[in-house]
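# I would like to see how this sequence folds:
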Amino acid sequence: MRTDSSPGTLPAREHLPAGDAGTPVLDVVIPVYNEEKDLQPCVLRLHDHLKRTFPYAFRITIADNASTDTTPQVSRRLEAEIPEVKAFRLEQKGRGRALRTVWSASEAPILAYMDVDLSTDLNALLPLVAPLISGHSDLAIGSRLSRSSRVVRGAKREFISRTYNLILRGSLQARFSDAQCGFKAIRRDVAQVLLPLIEDTGWFFDTEMLVLAERAGLRIHEVPVDWVDDPNSTVHIVKTATDDLKGVWRVGRALATGSLSLDRLTRPFGDDPRDREIKDVPKGLARQLVGFCVVGGLSTLFYLLLYSGFRVFTGSQIANALALLVSAIANTAANRRLTFGVRGRGGAVRHQAQGLVVFGIGLALTSGSLAALNAASSDPGHSTELAVLIAANLAATVLRFLLFRAWVFPDRRDADATVGAPYSPGHTPAHTSVHTPSSPTYSTVGAGSMAQPGHHGPLPQRPVTRSAPHHPFDTTQFRAGEAADGSWRDATMQLQPVRPHDTDSRDLR
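Predicted structure coming up:
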């Protein structure tokens with residue numbers, strides 16, 4: 001699981017206005033491996049559909065992952081004959097690798113992909129990308145499992161698909177319905193931040209992308225599709241399913257340990273209706289209380305079990321101190337991740353140190369209670385000791401929550417004006433910090449149509465005549481986003497290259 005730094009908090013979603021410009025609005029990627037027979041009919045059919053129905057400028061990118069047949073020659077011929085078609089070749093296999101590479105280099109504000117067999121009815125393409133153009137959603141997926149979808153496929157594939165999605169729901173709490181449908185789209189600004197976090201380079205790429213996006217609170221739009229199974233598909237179902245299950249385990253472990261900083265994918269505070277402030281009510285108090293109570297109940301049970309175990313070998317005071325120390329470390333870690341939503345390892349040592357201070361207060365309360373009990377009775381029973389400790393822990397728990405909320409894990413959003421309040425043109429918050437090239441926010445328009453915040457450049461429509469546009473893969477840089485002073489400035493960020501040692505031995509197609 002990748003944990004390298006990402007550009008930073010996403011900008012607010014905005015509707016991309018229509019107009020005339022040279023940058024394609026939509027870049028549809030078709031990843032292929034040894035598809036010499038199906039590639040040309042697929043591209044011609046897709047191009048004809050977009051030409052007739054899509055109102056904006058578009059591009060079709062053929063992403064060839066190390067084909068060994070004549071697929072590269074077919075790709076180059078299509079590129080030469082059709083101005084809207086571009087060909088790109090990778091020397092390593094992997095659908096995820098191909099999508100990450102092409103999407104990272106594309107300047108189109110809306111990025112999509114579909115399988116070369118075109119099993120999905122193309123009439124769903126415009127409904128797929130419309131919510132992304134309007135600014136309503138961050139990602140969009142086609143769903144074959146929606147009630148209004150019409151699907152023609154064998155019982156074996158139907159069973160595997162539904163079983164896999166049930167596994168995702170049970171293990172990763174996924175709420176999207178169809179992770180494997182080869183018909184998806186994403187906004188470019190989201191892709192630039194999300195792609196560096198995705199580790200898989202094969203078929204699990206889609207699932208990992210959706211799970212991370214959903215856990216980060218991004219909005220995923222689902223479109224019911226009509227889908228006809230390709231009987232000539234060369235996908236190795238059993239091997240692909242096995243690799244997907246390994247991916248589920250890897251992602252689930254990373255989410256459980258908090259090794260992913262998904263807060264980097266959050267939208268500005270206030271962009272999501274759930275984030276709107278309510279006067280005189282602390283942010284997230286109800287949810288934090290529920291989480292703290294659950295963690296506290298489990299911690300208390302853990303503490304009592306430890307105390308009973310240590311009490312066999314030592315006195316009550318030492319047993320209490322040891323049990324409280326171990327349970328306090330576990331309690332701080334659990335509250336850090338589950339109650340207060342702190343992800344990643346940054347500040348973990350400091351949080352544990354502050355938690356030990358809170359532990360000292362709890363130790364004083366419980367030890368004082370035991371001392372008072374021993375002073376009142378020379379030989380108190382074990383059940384009496386447990387009752388006193390439970391009462392003392394209840395008092396310590398209330399104090400612990402207050403200290404955790406106000407001192408150990410305070411709400412940082414009020415201190416960050418760039419996240420804590422929506423941007424308004426002409427106003428610079430007092431706490432606004434200057435964005436650096438290492439952590440920019442990204443625009444959803446192409447490099448040739450930068451504008452003032454809140455006034456994006458026009459969304460390019462498909463012109464009547466068009467010369468062949470500049471090849472998007474001739475450069476390894478792309479335009480970055482908005483500066484802290486509210487102006488748009490040129491900034492470049494090096495694309496993350498495909499790792500030379502990142503090999504993929506799976507036979508994916």
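# what about residue 303, distance to residue 380?
Taking CB to CB, to the nearest Å as the measure, residue 303 falls 18 Å from residue 380. (Each C-beta comes from the backbone N, C-alpha and C, glycine too.)
# Break down the stretch 1-150 of the chain into its helices, ranges please.
Ranges of helices within the stretch 1-150 of the chain are 39-53, 71-81, 95-105, 125-134, based on DSSP state H, counting those that start in this stretch.
# Going by neighbour count, list what's buried in the longest one.
So that's helix 39-53. 39, 40, 42, 43, 46, 47, 49, 50 (16 or more other CB atoms under 10 Å).
# so what's the second one up against?
This points to residue 40. Residue 40 is in contact with 74, 78, counting by CB atoms under 8 Å, 6 or more residues apart in numbering.
# quick one on the thing from earlier: which residue of residue 303 and residue 380 possesses the greater neighbour count?
residue 303 (24 against 15; other CB atoms under 10 Å).
# sec struct for the more buried one, please.
Here residue 303 is helix, with the state taken from DSSP: H, G, I helix; E, B strand; the rest coil.
# residues contacting it?
Going by CB under 8 Å, 6+ apart, residue 303 touches 323, 324, 327, 393.
# again, only using 7 Å
Going by CB atoms under 7 Å, 6 or more residues apart in numbering, residue 303 touches 323, 324, 327.
# count of neighbours near the second one?
For residue 324, the number of neighbouring residues by other CB under 10 Å comes to 25.
# I'd like the distance between it and residue 307.
Separation of residue 324 from residue 307 (CB to CB): 8 Å.
# Please apply the same query to residue 26.
63 Å.
# Just give the number of residues close to residue 349.
Residue 349 is flanked by 9 other residues according to other CB under 10 Å.
# Same question for residue 166.
11.
# One more: the one 10 residues further on?
Taking other CB under 10 Å as the neighbour definition, residue 176 ends up with a count of 20.
# do the same with residue 378
6.
# same question, residue 295
20.
# Please identify the helix or strand for the residue nearest to it when sequence neighbours are not counted.
Once flanking residues are discounted, residue 295 sits nearest to residue 334: 4.6 Å by CB to CB, 6 or more residues apart in numbering. Assigned by DSSP states H and E, residue 334 belongs to helix 316-334.
# what's the spacing between residue 124 and residue 74?
Counting by CB to CB, the gap from residue 124 to residue 74 is 26 Å.
# Same check on residue 388?
Counting by CB to CB - residue 388 and residue 74 are separated by 80 Å.
# Looking at those two, which has the bigger crowd around it?
Comparing residue 388 with residue 74 by other CB under 10 Å, the one with more neighbours is residue 74, at 22 against 18.
# Identify the residue nearest that one in space, chain neighbours excluded?
residue 39 (5.1 Å).
# for the one you found, what are its contacts?
Here residue 39 is in contact with 32, 62, 71, 74, 75, 116 (CB under 7 Å, 6+ apart).
# From residue 82, how far off is the third one?
Using CB to CB, one obtains 16 Å as the distance from residue 71 to residue 82.
# got it, and the first one?
For residue 32, the distance to residue 82 under the criterion CB to CB works out to 16 Å.
# Which one's more surrounded, the two?
Ranked by neighbour count (other CB under 10 Å), residue 32 and residue 82 place residue 32 first, with 26 against 15.
# Surely the more buried one is in contact with residue 69?
No: here residue 32 lies out of contact with residue 69, judged by CB atoms under 7 Å, at a distance of 10.2 Å.
# that older thread, and the helix holding residue 334, what does it pack against?
If contacts are counted by 3 or more CB pairs under 7 Å, 6 or more residues apart in numbering; DSSP states H and E, helix 316-334 sits against helix 285-311, helix 348-376.
# And the longest one, what's buried?
In other words, helix 348-376. 351-352, 354-355, 358-359, 362-363, 365-367, 369-370, 373.
# could I get those residues as TSV with distance to residue 100 and pLDDT?
Formatted as TSV, those follow (distance: CB to CB, whole Å; pLDDT from 0 to 100):
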residue	distance to residue 100	pLDDT
351	33	88
352	36	88
354	39	88
355	39	86
358	43	84
359	44	79
362	48	76
363	50	77
365	53	84
366	53	79
367	56	83
369	58	85
370	58	82
373	63	84
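# just those residues now: which is nearest residue 172?
residue 351 (25.7 Å; CB to CB).
# wait, doesn't that closest one sit right on residue 333?
No: with contact defined as CB under 7 Å, residue 351 does not reach residue 333; the gap is 8.3 Å.
# picking that back up, of the helices of the stretch 1-150 of the chain, which is nearest residue 295?
helix 95-105 (35.8 Å).
# Which residues does stretch 132-146 contact?
By CB under 7 Å, 6+ apart, stretch 132-146 touches 13-16, 110, 120, 124, 128-129, 131, 149, 151, 162, 165, 176-178, 181, 183-187, 190, 210, 213, 218-225, 227.
# Show the average pLDDT along that stretch.
The average of the pLDDT scores along stretch 132-146 is 90.
# ends of it, how far apart?
End-to-end distance for stretch 132-146, by CA to CA, to the nearest Å: 20 Å.
# Could the C-alpha coordinates of the one helix or strand residue 401 maps to be exported in CSV?
Element membership of residue 401, judged by DSSP H and E, is helix 382-403. Extracted C-alpha coordinates of helix 382-403, given in CSV (Å, rounded to 0.1, in the frame of the first residue of the first chain):
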residue,chain,number,x,y,z
HIS,A,382,-11.9,-9.6,45.0
SER,A,383,-15.4,-8.7,43.9
THR,A,384,-15.3,-5.6,46.2
GLU,A,385,-12.0,-4.6,44.6
LEU,A,386,-13.5,-4.9,41.1
ALA,A,387,-16.6,-2.9,42.1
VAL,A,388,-14.4,-0.1,43.4
LEU,A,389,-12.2,-0.1,40.4
ILE,A,390,-15.3,0.0,38.1
ALA,A,391,-16.6,3.1,39.9
ALA,A,392,-13.2,4.8,39.8
ASN,A,393,-12.8,4.0,36.1
LEU,A,394,-16.2,5.6,35.3
ALA,A,395,-15.0,8.8,36.9
ALA,A,396,-11.7,8.5,35.1
THR,A,397,-13.5,7.8,31.8
VAL,A,398,-15.4,11.1,31.8
LEU,A,399,-12.2,13.0,32.5
ARG,A,400,-10.4,11.0,29.9
PHE,A,401,-12.9,11.9,27.2
LEU,A,402,-12.7,15.6,28.0
LEU,A,403,-8.9,15.6,27.9
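# So what angle separates the directions of it and helix 348-376?
140 degrees (axes from the mean of the first three to the mean of the last three CA atoms, to 10 degrees).
# mind saving the C-alpha coords of the helix holding residue 334 as CSV?
The C-alpha coordinates for helix 316-334 follow below in CSV (Å, rounded to 0.1, in the frame of the first residue of the first chain):
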residue,chain,number,x,y,z
SER,A,316,-3.3,-5.2,44.0
GLN,A,317,-1.5,-1.9,43.4
ILE,A,318,1.1,-3.3,41.0
ALA,A,319,-1.5,-5.4,39.2
ASN,A,320,-3.7,-2.2,38.8
ALA,A,321,-0.7,-0.2,37.5
LEU,A,322,0.3,-2.8,35.0
ALA,A,323,-3.2,-3.5,33.7
LEU,A,324,-4.0,0.2,33.5
LEU,A,325,-0.8,0.9,31.6
VAL,A,326,-1.3,-1.8,28.9
SER,A,327,-5.0,-1.0,28.5
ALA,A,328,-4.3,2.8,28.3
ILE,A,329,-1.9,2.3,25.4
ALA,A,330,-4.5,0.2,23.6
ASN,A,331,-7.3,2.7,24.5
THR,A,332,-5.3,5.7,23.1
ALA,A,333,-4.5,3.9,19.9
ALA,A,334,-8.2,2.8,19.4
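# Great, nothing more from me.
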